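make a model of this:
(chains A and B)
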Amino acid sequence: MLYALMGLGLSLVTGILNIPNFAHGALFAVGAYLLATVAVALGNFWLALLIAPLGVALLGLAIEYAGIRRLYAAGHDYQLLFTFGLALILSESIILIWGPIGSSYLPPEILRGGMDLGFTMYPKYRLFVMVAAGLLIFATWLFLEKTRYGAIMRAGIENKEMVSLLGIDIRMMFTVAFAMGAYLAGIAGALTAPIRGLNPGMGPDMLGIAFVVVALGGLGNLLGAIAAGLIIGVAQALVAAYWTEASTVVIYAVMAVILLVRPQGLFGIR
Amino acid sequence: MKKLSRRDVLKAGAGVAAASTVAGFPSILRAQSKEIVILGLWDQTGAFADVGPINDRGMKMALEERGMQVLGRPIKYITRDGATQAGTSTRRTEEAVDGDGAKFVIGPWSSGVALAVSEVAKRKKVLHLFSGGTEDISGARCHRYSFQWAASPYTAAKTVVDSFMKANPKAKRWHLLVADYAFGWSVEKYIKEVGKTHGIEFVGADRHPLGEREFSNYVQKAAANKPDAVAMVNFGGDAVAGAREIFNFGLTPKVPLIMSWSSGVEELVQLSPEIRQNIWVGSNFYYTADTPGAKEFVKNYSAKFGNPPGYAPSAAYSMTRLLLAGFDKAKSPEVQDVIKALEGIEVNDIVGRMKMDAATHQNIRPYFFMRCKQKAAMKHETDFADIIATGDAPLPKEYAACKDIGSF
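Below is the predicted model:
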């Protein structure tokens, strides 16, 4: 579910802005660090879970407004270099602010420990994350499918010029899309913090998987990103049950096989 | 004005070349004859990027203690990023040897990478000191140029299993989580060997790649086996991620977790006290070691960096001191003289009494076993654990794979 959440955010940015966002992983890490910082400061995990992703969304807003906006007319090389540089700046900023050594942040008391599901033990917090991520994905889908602005965004993915010609402020749409992508990365990071802890390298770790999800689902295809995220997660869990050592490799093996059969991805058209 | 002829240009060229020979080349020769160049091969990128900078700290401290001098000659300390990769590490070592005149190499941190660097040391005839969990450097792939500072994987396994079983005699069902590279295989082998003597049943053993961060699948399998104890043979970020996930699944603190080859402080600081509750830790160094060398080093390191040293800076510090002791004993800066001096050398250092076995180049020294403290028992933020045992049982002859260390 977390893979789907990350992939959805990245797909939104890739689809609407047509930019390969290499800073998506770093935004994920910022979300995790912000959650721990706010939770410790307020002494409340749930409030922190609300505030931290909003902070990342604001950061995304600023990044789009001050930086990416200037590069829409430039080629992919410039955009790629910018987002790559941004990822490095954000990662180094994490080290400067929170230090180079990782740390742990525990789930709230009520979600600690494992739950016996009858056939296996599973951490309560991971079950919560599954439900929360599922709800977030559903809410994002509702927004994109059932609201007017969502329809405009989907139209923007298909044909930006046409949307612009209809008198819609496409620049504002780009800003909103980037902030939404950042929010989804931020909340994925915040939800992950109690599972994987905090360390400055956590962003790049997740970025690779997010790109696999986007490529597998079809560039810019939101439904594809959700489906690909779930497929990757399920494949990883299934393989791990029988051949633990291959649980990481399977992510890339699944991508390779599917792209060989469908080079445009599961739901992609380009 | 006379035009420049071809002959004039050639003459000028010859003059410049001669001047370089007279002025420049001897200066290089002079530098080479005076300076002793020591390379610290420490990872600044890759899986052990977080360890390299603190290795560097430890090595610098040892050199600075001696005023960056040995045998009355200045020491030129150079450091290179091995990137936790065999290719990069061997290339940069060769560059440092050929380009910078390094004849003494300490590092890197990964066992698998160190084995490749050890081959470079053998080929280039430079002295190589390493600390890690592979038994091959002082075992099947031993040679005259490489030395192993860390305890033998057998010493570590024996200390950990014996001490743990003494405290938990009923914990007979073990599940292992093992890093899938040279160090993991070596320690796993001996944990199983020593385990036999205690009647331990290994109900599961899963291997994971270096740099693994998603341990839920491994832990799910471990939980399904209902073990009395889980033992990890991994290191750094892998160990931290594994310990965290084992806690998230609710295995610890009910089931004890053994970190059999831990960096100590650097790993424990990343785990909250709740996670550390029932963790037992084996390490090559812990900062409360009751030796005069450790007390002095810990005091100086803590004053300089604000936290006590773990295994990584301590190993770099002690390896450097060992090398310098080799120079002192040899009274010569020549590689082969220092190697001969190190063979069989006995010193008292931060871990206690150490003896470098001349036949295998394996350091025979104590290994530490700790039990983590409960949160309420911690006197300060870094009061993570108590040392409950040390062990220095050397590798029995029947296991020794280094039959002949060979010649120069």
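
which ones are touching the residue most central in space within chain B?
The centroid of chain B falls nearest to residue B:131 when counting by C-alpha atoms, centre = their mean (2.7 Å). Residues near residue B:131 by C-beta atoms under 8 Å, 6 or more residues apart in numbering or on different chains: B:109, B:148, B:149, B:150, B:284, B:315, B:316, B:319. Quick note: C-beta positions are derived from backbone N, CA and C, even for glycine.

got a markdown table for those, with pLDDT too?
Formatted as a markdown table, the contacts of residue B:131 follow (pLDDT from 0 to 100):
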| residue | pLDDT |
| --- | --- |
| B:109 | 92 |
| B:148 | 96 |
| B:149 | 97 |
| B:150 | 96 |
| B:284 | 96 |
| B:315 | 97 |
| B:316 | 97 |
| B:319 | 98 |
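
circling back: mind checking pLDDT for the residue nearest to the centre of chain B?
Per-residue confidence (pLDDT) for residue B:131: 95.

what parts of the stretch 1-150 of chain B come near chain A?
B:49, B:50, B:53 (C-beta under 8 Å from any C-beta of the partner chain).

what number of residues lie near the second one?
This points to residue B:50. Number of residues near residue B:50 (other C-beta atoms under 10 Å in any protein chain shown) recorded here: 21.

so it touches residue A:101, yeah?
Yes. The criterion here is C-beta atoms under 8 Å, and residue B:50 meets it with residue A:101 at 7.0 Å.

which of the residues of the stretch 1-150 of chain B next to chain A fall in helices?
Among those, DSSP state H puts residue B:53 in helices.

from the residues of the stretch 1-150 of chain B next to chain A, pick the one nearest residue B:116.
residue B:49 (18.3 Å; C-beta to C-beta).

list the contacts for residue B:157?
Residue B:157 sits next to B:187, B:190, B:191, B:193, B:194, B:260 when contact means C-beta under 8 Å, 6+ apart.

no, scratch that, I was asking about residue B:129
B:104, B:105, B:106, B:146, B:147, B:149, B:319, B:322, B:323.

and for residue A:181?
Applying C-beta under 8 Å, 6+ apart, the residues near residue A:181 are A:9, A:10, A:12, A:13, A:21, A:24, A:60.

shouldn't the fifth one be within a helix?
Read that as residue A:21. No. Applying DSSP: H, G, I helix; E, B strand; the rest coil, one finds residue A:21 to be coil, outside a helix.

and it, how far from residue A:172?
19 Å (C-beta to C-beta, to the nearest Å).

please say which of those two ends up with more neighbours.
residue A:21 (32 against 11).

OK, contacts around the residue nearest to that one when sequence neighbours are not counted?
Among residues not flanking residue A:21 along the chain, residue A:13 sits closest, at 4.7 Å (C-beta to C-beta, 6 or more residues apart in numbering or on different chains). Shown in contact with residue A:13 (C-beta under 8 Å, 6+ apart): A:19, A:21, A:24, A:177, A:178, A:181.

then residue A:178?
Per C-beta under 8 Å, 6+ apart, neighbours of residue A:178: A:13, A:17, A:60, A:61, A:63, A:64, A:68.

now with 10 Å, please.
Applying C-beta atoms under 10 Å, 6 or more residues apart in numbering or on different chains, we find residue A:178 in contact with A:9, A:12-13, A:16-17, A:19, A:21, A:57, A:60-65, A:68-69.

what pLDDT does it get?
Residue A:178 is given a pLDDT of 91.

run the chain-centre distance for the helix or strand containing it.
For residue A:178, the host element (DSSP states H and E) is helix A:170-196. How far helix A:170-196 lies from its chain's middle: 6 Å, per C-alpha atoms, centre = their mean, to the nearest Å.

cool, and stretch A:16-35?
Here the centre of stretch A:16-35 is set off from its chain's centre by 7 Å, with C-alpha atoms, centre = their mean.

can you map out the strands along the stretch 251-400 of chain B?
B:257-262, B:279-283, B:346-349, B:352-356, B:363-364, B:367-372, B:385-391 (DSSP state E, counting those that start in this stretch).

tilt between the fourth one and strand B:367-372?
Translated: strand B:352-356. When axes from the mean of the first three to the mean of the last three C-alpha atoms, to 10 degrees is applied, the directions of strand B:352-356 and strand B:367-372 differ by 140 degrees.

quick check, pLDDT for the closest residue to residue B:138 other than its chain neighbours.
Nearest in space to residue B:138, with sequence neighbours left out and distances taken as C-beta to C-beta, 6+ apart, is residue B:362 at 3.6 Å. Looking at residue B:362, its pLDDT stands at 96.

what's the distance between residue B:362 and chain A?
30 Å (C-beta to the nearest C-beta, to the nearest Å).

elements contacting the helix or strand harbouring residue A:206?
Per DSSP H and E: residue A:206 is located in helix A:202-217. On a contact count with 3 or more C-beta pairs under 10 Å, 6 or more residues apart in numbering or on different chains; DSSP states H and E, helix A:202-217 meets helix A:2-17, helix A:24-42, helix A:76-98, helix A:170-196, helix A:222-242, helix A:249-261.

ok so, going back, filter the contacts of residue A:178 to the buried ones?
A:9, A:12-13, A:16-17, A:19, A:21, A:57, A:60-61, A:63-64, A:68 (16 or more other C-beta atoms under 10 Å in any protein chain shown).

name the SS class of residue B:47, please.
Under three-state DSSP, residue B:47 falls in the coil class.

just give the number of residues close to it.
22.

I'd guessed it sits against residue B:234; true?
No. If you go by C-beta atoms under 10 Å, residue B:47 and residue B:234 don't touch, sitting 11.2 Å apart.

common neighbours of these two, please.
Counting by C-beta under 10 Å, 6+ apart, the residues touching both residue B:47 and residue B:234 are B:210, B:212.

returning to what we had before: could you dump the contacts of residue B:129 to CSV with distance to residue A:257 and neighbour count?
Formatted as CSV, the contacts of residue B:129 follow (distance: C-beta to C-beta, whole Å; neighbours: other C-beta atoms under 10 Å in any protein chain shown):
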residue, distance to residue A:257, neighbour count
B:104, 50, 24
B:105, 44, 30
B:106, 45, 28
B:146, 43, 27
B:147, 47, 30
B:149, 46, 27
B:319, 47, 26
B:322, 52, 21
B:323, 51, 25
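
quick one: which of those sit in helices?
B:319, B:322, B:323.

re the thing from before, show me which pair in the contacts of residue A:181 is furthest apart.
Among the contacts of residue A:181, the pair separated by the greatest distance (C-beta to C-beta) is A:10 and A:60, which sit 12.1 Å apart.
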